[in-house]
Each structure stands twice: as structure tokens, then as C-alpha cells.
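Enquirer: Below is the sequence, then the predicted model.
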2 protein chains.
Amino acid sequence: MTRAQLIEQIRLKKSYLCVGLDSDIAKIPRHLLSLPDPVFEFNRQLIDATSDCCVSYKINTAFYEARGSRGWETLEKTVAYIPKTHFRIADAKRGDIGNTSAQYARAFFETLGFDAVTVAPYMGEDSVRPFLEYRDKWTIVLGLTSNTGASDFELQPSRQGYVYEKVLEACCRWGSPENLMFVIGATQASWFEHVRKLTPEHFYLVPGVGQQGGSLQEISQKAMNRDVGILVNNSRAIIFASSAEDFAIQAGRAARLCQQEMAGYL
Amino acid sequence: MTRAQLIEQIRLKKSYLCVGLDSDIAKIPRHLLSLPDPVFEFNRQLIDATSDCCVSYKINTAFYEARGSRGWETLEKTVAYIPKTHFRIADAKRGDIGNTSAQYARAFFETLGFDAVTVAPYMGEDSVRPFLEYRDKWTIVLGLTSNTGASDFELQPSRQGYVYEKVLEACCRWGSPENLMFVIGATQASWFEHVRKLTPEHFYLVPGVGQQGGSLQEISQKAMNRDVGILVNNSRAIIFASSAEDFAIQAGRAARLCQQEMAGYL
């Protein structure tokens, strides 16, 4: 998916919502557990119920890998089920030496068909570049994350600003706003104005709104650019809105509330 | 596997060799491709041919994920096939917010049964801790890696030394030499004396010997401690020693040469 197509979807739906499919089998409604692939059935119903309200789905690979190759099969079926109008993110936080990163890029872009993958920058340029080499695919590099551990290394002062600033600056030399986004956590709202100055054109994937405590209003005011420039992820508050048989209906309602609030900020 | 058990295996075999199963289906011998699971057959014969000479196997998850759920099945069969006397490393470079890292820890330690997993430290403490909570399991944190990109962030000077030094120092507060190792790249040989001063007790997983250019002699002299303290990985020079039907025999010979050189340094 190109940048222009993504922006078009956002304008069309008046939404920059990304629904996070952190589909933990221990938390899905009990009545699904007797089905052959309970997590896929959970995801399928969620996608049907929320696709009108969101522009993106983010699959957190950890929750699938925890179930081994069966989980990986569920992941394959889920990404194939997401409509092609939606921006499909593998939240995988990969990154390794060049020839290995090339294999990860192949896994997520070719074998699985995602539009985007999240990448951890610690190992530097040759660990990030193989992802950037795919036309119309996106690399979403960890910038400033939403967790408490962000202070340990990302917010360490270096001679040229914080470590995460160095990451933003270096990655902007390797990729462009047409193929590179950053993860910027919603719980770091006070940082958004500064981050936006450093990277005025790039899209951000913003996790941490909702259960992690970030405010959608504050993020939207501080982080948007003229092309909207943000995808705000919400996982648990939508997908686990109800644990009963009406889970999909409740997820759809929660997603609609998000979308309506977003429409107000656009 | 405990630290004492690992050291016992090293003394017994006079080897600190880790064989890296970066089993790229595009590079394995052609005659295997007609079998139902060519990569597993490749790995099985390699393990049979090298297990006398090495104390560890490292599975690079990227090469398996590139083949989707079939690749993940091969990974499951391979780790189950490795003898329990051998230290089984998932070279997966995972790391995410706490609840997600907990799922990755579950994937590699419980579902797959690895002894160790490599972890990327960028997101800080809560992204590393869930791996450290498993008894008799190991977290191998990226310290100073063997690739050119190591200079981009790892070797950025901060107020308290380089970023990678900050990583070593912080991780040593979270884990102990009984459950924490570091990846220290062999192509950074000139750094080893310094790194050893910072972390005198910890084991290092050392990639980059062989095709990436690191010298086994130099690493061994500079990085060993009184408990040996290093596992040196060799992937391509062993597993792709021959692409003909004798590939396992040639891999066994290459591994034996490594082991004999190591015996001289012990």
C-alpha cells in the first residue's frame, strides 16, 4: 500500500484507527474454544465487526508464536482474511545482521503478505535496510516506545541528543516518508511536539492509547501533520471489550466510538 | 541447562563450539529437496555429524519464518531433535513491552523448549525481564554485535560511555551470570579485553567467526574467563562446507577442526 492510498483510506473513513489483534488464547471468549481454530474465529469476527471503523490491523506476532506452528497457521489465515483496503502491520520487532534481516523481510512481506513490519533498530543500518528495499512496503522502526523501559536506553542522553533522536535522524537517511514510519508511544505525549519537529513528514504508529493510559485527544493534537501522519493503535479496549458471545458487537461499538472521536480531530 | 552443566559439557568435549543452523532452503544440497521436509533432514544429518564436537546449537528463526508455518514446523522438529546435552539457543532477537515479551518467553522456553533466546535491548528493562524469570533458562542480550551497523547506535557515545556499555551495565543489574549472557561479535575483537573488564563473569555468545572474518585465536585469547565464558558460533563454514551428498561428512570434519583448535586454547 502506498502513502497516498493510506491517506485516502483515512480521509474516506474519517479514521486513523489501527486495531491490534493481540489475540491471547487465554483471554478470548470461552465459547470459541471448542472450534478447530478458536483464535482465527475470534479474529475473523473482530475483523468483520470493525473493518468499517479502522484503516489498519496490527498483528502482534508474540501471541501467535506462543502457540507454536499452530499459532503461526492462525497468523497466516488472519493476515489473508484482512481486506486489502486495510494496512496490515506485523508487529514483530525484528532486526538482525543484513542477510538475516533479509529473511525476516521475506517472511513478512512475501510469505505472509503484510504491508508493514515493526523493526528494532539496535543493530543499525544493515539490520534495517533489507526491509526498506521492498517497493510499496513499510518499515516501522521503534523510536520512542510507550513502556517504562523507554527510559533505560532510548532516553539515554548521547552527545547528539537522546539515543532515540539519533535513531530517528539515522533512519531518515536510510528511508523516506514513503516507506518508513516510527513507533512513538502514546504514553510519551509530552514528547510529541518535539518528535514532530524532528520528523515532520513521517507517519507514526502510536500504541499505548486506552489501557496503557495515553490520551487520544492529546496525541491527535500534538502528533498530527497535514497528511494526518498517525495511526493510533488500540488493542485490548476493543478486542476484549466483552468476553461473552456478543464480543464482536461490543468490539464494533468500541471501534466506532474511537472512529467518531477521531473524526472530530480530523 | 544450568551454568555448571554448560561448563561441564565444555570441559568434557574440550569445545565451546556452537553450530548455527541458518538453514536456508536455497542453499541446502539439491538432493534433499525431494524429501517431505528437506530442511529438517538437512538439520538432522548435520546434528548427527557434529554433536560430538559442539556443545550448543543455535537456530536462526528468520530462515524458518521465511517459509511460514511449514518453516515453523521444521523449527519445532529441529529443536526437539537436538540432544538434551546440548545448549539450545533460539537466535530470535525478540523484545517488546512486558506482556508481549512474556509471550515470546513462553514461545521459546515453554512451547519450543529452548534453553536460551537472544533478546534485543532497545525497549529496556520491562522488555528483558520476562525472559529472565524462567528458572534454568537463559537470556542472551545483544551487547556489541558483529555487523557494520554496530557503529550506528551501539557505539554511540553517551554521557556514561557507549550505548552498548550502558546496556551491559543495566542488564547486569537485572540478571546474573547464572541466567544472562551477551552477544559480543567476533569482528569486534579489539573490544573484547574492555568488554571482559565490564562483565568478568558472564558468558558471551560470539558470532562472526569464519565467514564474517573474526579470528578464533584472537577471540579465545581475549574473551575467555576462568569458566571459559564463551560460546563461539560458526554457521556457514560448517553447515555449508559442502553442497554435495557428503555435506554432513564435510560439516562433521569442519566442526572437528574447530573443536581441535578450541581444545588447544582451553
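Expert: Okay, I see it.
Enquirer: okay, now the residue lying closest to residue A:19 once chain neighbours are set aside: neighbour count?
Expert: The shortest distance from residue A:19 to any residue other than its chain neighbours is 4.8 Å, reached at residue A:54 (C-beta to C-beta, 6 or more residues apart in numbering or on different chains). (Glycine included, C-beta is placed from N, CA and C.) Taking other C-beta atoms under 10 Å in any protein chain shown as the neighbour definition, residue A:54 ends up with a count of 28.
Enquirer: Likewise for the one 5 residues further on?
Expert: Burial measure for residue A:59: 25 neighbouring residues, criterion other C-beta under 10 Å.
Enquirer: what sits against it?
Expert: Contact analysis of residue A:59 by C-beta atoms under 8 Å, 6 or more residues apart in numbering or on different chains lists A:21, A:75, A:78-79, A:88-91, A:114.
Enquirer: Keep only those of those that are also close to chain B.
Expert: Restricting the contacts of residue A:59 to those adjacent to chain B (criterion: C-beta under 8 Å from any C-beta of the partner chain) gives A:75, A:91.
Enquirer: Without its sequence neighbours, what residue ends up closest to whichever residue of the stretch 151-266 of chain A sits closest to chain B?
Expert: For the stretch 151-266 of chain A, the nearest residue to chain B under the criterion C-beta to the nearest C-beta is residue A:152, separated by 3.2 Å. Using C-beta to C-beta, 6+ apart and skipping the chain neighbours, the partner closest in space to residue A:152 is residue B:124 (3.2 Å).
Enquirer: what do you get for residue A:129?
Expert: For residue A:129, the spatially nearest residue (C-beta to C-beta, 6+ apart) is residue A:174, at 6.0 Å.
Enquirer: Output the below-cut-off pLDDT ranges for chain A.
Expert: By pLDDT under 70, the weakly predicted segments of chain A are A:211-213.
Enquirer: packing partners for the top helix by length along it?
Expert: Counting by DSSP state H, the longest helix found in chain A is helix A:247-265. Other elements packing on helix A:247-265 under the criterion 3 or more C-beta pairs under 8 Å, 6 or more residues apart in numbering or on different chains; DSSP states H and E are strand A:17-21, helix A:38-50, helix A:216-223, strand A:230-234, helix A:236-239.
Enquirer: Mind listing what's buried along that helix?
Expert: Neighbour-count burial for helix A:247-265 flags A:247-248, A:250-256, A:258-259, A:262, A:265 (criterion: 16 or more other C-beta atoms under 10 Å in any protein chain shown).
Enquirer: if we can go back for a sec, now do the same contact list for the residue nearest to residue A:152.
Expert: Residues in contact with residue B:124, defined by C-beta under 8 Å, 6+ apart, are A:147-154, B:170.
Enquirer: which phi and psi does it have?
Expert: Phi and psi for residue B:124, reported as degrees, to the nearest 10, are phi 80, psi -160.
Enquirer: Same question for residue A:174.
Expert: As for residue A:174, its main-chain torsions (degrees, to the nearest 10) stand at phi -90, psi -30.
Enquirer: So residue A:121 belongs to a helix, correct?
Expert: No: going by DSSP: H, G, I helix; E, B strand; the rest coil, the assignment for residue A:121 is coil, not a helix.
Enquirer: sorry, back to before: what's the angle between the longest helix of chain A and helix A:38-50?
Expert: Interaxial angle, helix A:247-265 versus helix A:38-50 (axes from the mean of the first three to the mean of the last three C-alpha atoms, to 10 degrees): 40 degrees.
Enquirer: one step back: tabulate the helices and strands packed on helix A:247-265 in a markdown table, adding columns for mean neighbour count.
Expert: Formatted as a markdown table, those follow (neighbours: other C-beta atoms under 10 Å in any protein chain shown):
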| stretch | mean neighbour count |
| --- | --- |
| strand A:17-21 | 26 |
| helix A:38-50 | 21 |
| helix A:216-223 | 18 |
| strand A:230-234 | 27 |
| helix A:236-239 | 22 |
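Enquirer: who touches stretch A:77-90?
Expert: The set of residues that contact stretch A:77-90 without belonging to it, under C-beta under 8 Å, 6+ apart, is A:1, A:6, A:9, A:18, A:21, A:37, A:39-40, A:43-44, A:47, A:51, A:54-59, A:61, A:108, A:112-118, A:138, A:140, A:205, A:231.
Enquirer: actually stretch A:104-111, not the one I typed
Expert: The list of residues contacting stretch A:104-111 from outside it, by C-beta under 8 Å, 6+ apart, reads A:90, A:92, A:94-96, A:114, A:117, A:130-131, A:133-134, A:137, B:62, B:65-68.
Enquirer: Now do it: distance to the chain's middle.
Expert: Here the centre of mass of C-alpha atoms in stretch A:104-111, compared against the chain's by C-alpha atoms, centre = their mean, to the nearest Å, lies 17 Å away.
Enquirer: Tell me the span between the first and last residue of that stretch.
Expert: 10 Å (C-alpha to C-alpha, to the nearest Å).
Enquirer: again with stretch A:105-112
Expert: Using C-alpha to C-alpha, the span of stretch A:105-112 from its first residue to its last is 10 Å.
Enquirer: Which residues belonging to it are considered buried?
Expert: Neighbour-count burial for stretch A:105-112, with 16+ other C-beta under 10 Å as criterion, is recorded at A:105-109, A:111-112.
Enquirer: do stretch A:194-213 as well
Expert: Applying a neighbour-count criterion of 16+ other C-beta under 10 Å, one finds A:195-196, A:199, A:202-210, A:212 buried in stretch A:194-213.
Enquirer: so the residue nearest to residue A:19 sits right up against residue A:15, yeah?
Expert: Yes: taking C-beta atoms under 8 Å as the definition, residue A:54 is a contact partner of residue A:15 at 5.9 Å.
Enquirer: shared neighbours, these two?
Expert: The overlap between the contact sets of residue A:54 and residue A:15 (C-beta under 8 Å, 6+ apart) consists of A:258-259.
Enquirer: can you pull the contacts of the most far-flung residue of chain A relative to its centre?
Expert: Among the C-alpha atoms of chain A, the one most distant from their mean position (C-alpha atoms, centre = their mean) is that of residue A:159, at 30.6 Å. Residues touching residue A:159, when contacts are defined by C-beta under 8 Å, 6+ apart, comprise B:156-158.
Enquirer: where does residue A:94 fall, phi/psi-wise?
Expert: Residue torsions, per degrees, to the nearest 10, at residue A:94 are phi -80, psi 180.
Enquirer: who does it bridge with?
Expert: For residue A:94, the residues forming beta bridges with it (DSSP bridges) are residue A:119.
Enquirer: follow-up on the earlier one: around the residue of the stretch 151-266 of chain A closest to chain B, how many other residues sit close by?
Expert: Other residues near residue A:152 number 23, with proximity taken as other C-beta under 10 Å.
Enquirer: Next up, the contacts around it.
Expert: B:121, B:124-125, B:166, B:170.
Enquirer: and those, which are buried?
Expert: Buried subset of the contacts of residue A:152 (neighbour count, 16+ other C-beta under 10 Å): B:121, B:124-125, B:166, B:170.
Enquirer: Export stretch A:251-264 to PDB, keeping only CA atoms.
Expert: Taking Å, rounded to 0.1, in the frame of the first residue of the first chain, the C-alpha atoms of stretch A:251-264 are listed here in PDB:
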ATOM      1  CA  ALA A 251     -15.700  -4.600  19.800                       C
ATOM      2  CA  GLY A 252     -17.500  -3.000  16.800                       C
ATOM      3  CA  ARG A 253     -19.100  -0.400  19.200                       C
ATOM      4  CA  ALA A 254     -15.800   0.300  20.900                       C
ATOM      5  CA  ALA A 255     -14.100   0.800  17.500                       C
ATOM      6  CA  ARG A 256     -17.000   3.000  16.300                       C
ATOM      7  CA  LEU A 257     -16.500   5.200  19.400                       C
ATOM      8  CA  CYS A 258     -12.800   5.500  18.600                       C
ATOM      9  CA  GLN A 259     -13.600   6.400  15.000                       C
ATOM     10  CA  GLN A 260     -16.100   9.000  16.000                       C
ATOM     11  CA  GLU A 261     -13.700  10.700  18.300                       C
ATOM     12  CA  MET A 262     -11.000  10.600  15.600                       C
ATOM     13  CA  ALA A 263     -13.500  12.100  13.100                       C
ATOM     14  CA  GLY A 264     -13.700  15.100  15.400                       C
END
